[in-house]
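K.L.:
need a 3D model of the sequence below.
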Amino acid sequence: MNPDHEKRLLRERMRAKRATHPQDEAGQVALCDNLFRLLHTLPYQSIGCVWPLAGEADLRPVCHALHQIGRRVLLPETTPRARPLVFREWTPDVRMVSGLFGTSHPEGAVVVPDILLVPLLAFDRRGARLGYGGGYYDRTLSDLKCPSIGFAFAWQEVDVVPTGPYDWPLDRIVTDRDILTFPAR
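P.N.:
Predicted coordinates for the structure are as follows:
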C-alpha cells in the first residue's frame, strides 16, 4: 500500500480516537512531569515548545517550569506552507498573537531552538511519528538538524507508523507512562 494513503487512513483513525478519548487530568500531569524531568537533565538552553491546539497535550505547565529555571522557551509561528517553522521567545508576560490554522505564537524575538518538542497524532516504538499532514515539523527538523522529543499520551501508540522519504524520526518520545530513547541516527 502507498505510505501516503496509509498515513491518511491512520490520521483519520487517530483523530476519531482523540475526539472520543476522554481528557485524563492524571495523564496530562504525568506527561508534563516526565517531559520536564527529562528536559531538566539535558543541557539545552533554548527549547522549542508547543502551545496546545484542541485535543493536544497541554505543555503550558512545562513552559512555565522551564522559564522558572532559566531556560529560554520558544514557541512556533506557523509559516506559509512548504516553509520551516519560525520560533519566537515566550515569557509568561509576552503578548500572544493569532497565527495560521488556529495557532498562537508570542510577539517575542526569533530564536533558533537547541532542541525541539514535537506534537503528533500517533507514534511507534521505532521513533516514527504521524503528524497532521502539513510537513511543518519534518521540514523544520530537516532544516535545523537539532535533537527532537515527541510528546503524546500512551494511548497514541500504534504498532507501526507508515513512513516516507521525508519523514524525520524522533530522538525521544515522552508519554504519560514512558520516556523512549532511540539509537543515534
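
K.L.:
from now on I want contacts and neighbour counts done on CA atoms only, so please keep to that.
P.N.:
Will do.

K.L.:
quick one, what contacts the residue lying closest to Asp138 once chain neighbours are set aside?
P.N.:
Leaving aside its sequence neighbours, Asp138 sits nearest to Trp168 (Cα to Cα, 6 or more residues apart in numbering; 5.3 Å). Contacts for Trp168 (Cα atoms under 8 Å, 6 or more residues apart in numbering) come out as Ala128, Asp138, Leu141, Ser142.

K.L.:
tell me the SS of Trp168?
P.N.:
coil (DSSP: H, G, I helix; E, B strand; the rest coil).

K.L.:
buried subset of the contacts of Trp168, written for PyMOL?
P.N.:
The PyMOL selection below is limited to those of the contacts of Trp168 classed as buried (16 or more other Cα atoms under 10 Å):
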select buried, resi 128+138+141
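
K.L.:
tabulate the contacts of Trp168 (JSON lines), appending pLDDT, distance to Arg37 and secondary structure.
P.N.:
JSON lines is the format used below for the contacts of Trp168 (pLDDT from 0 to 100; distance: Cα to Cα, whole Å; DSSP: H, G, I helix; E, B strand; the rest coil):
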{"residue": "Ala128", "pLDDT": "96", "distance to Arg37": "23", "secondary structure": "coil"}
{"residue": "Asp138", "pLDDT": "92", "distance to Arg37": "25", "secondary structure": "helix"}
{"residue": "Leu141", "pLDDT": "94", "distance to Arg37": "23", "secondary structure": "helix"}
{"residue": "Ser142", "pLDDT": "92", "distance to Arg37": "26", "secondary structure": "helix"}
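
K.L.:
ok, His40 - how many residues close by?
P.N.:
The local packing of His40 (other Cα atoms under 10 Å) involves 15 other residues.

K.L.:
ignore what I typed, I meant Leu59.
P.N.:
22.
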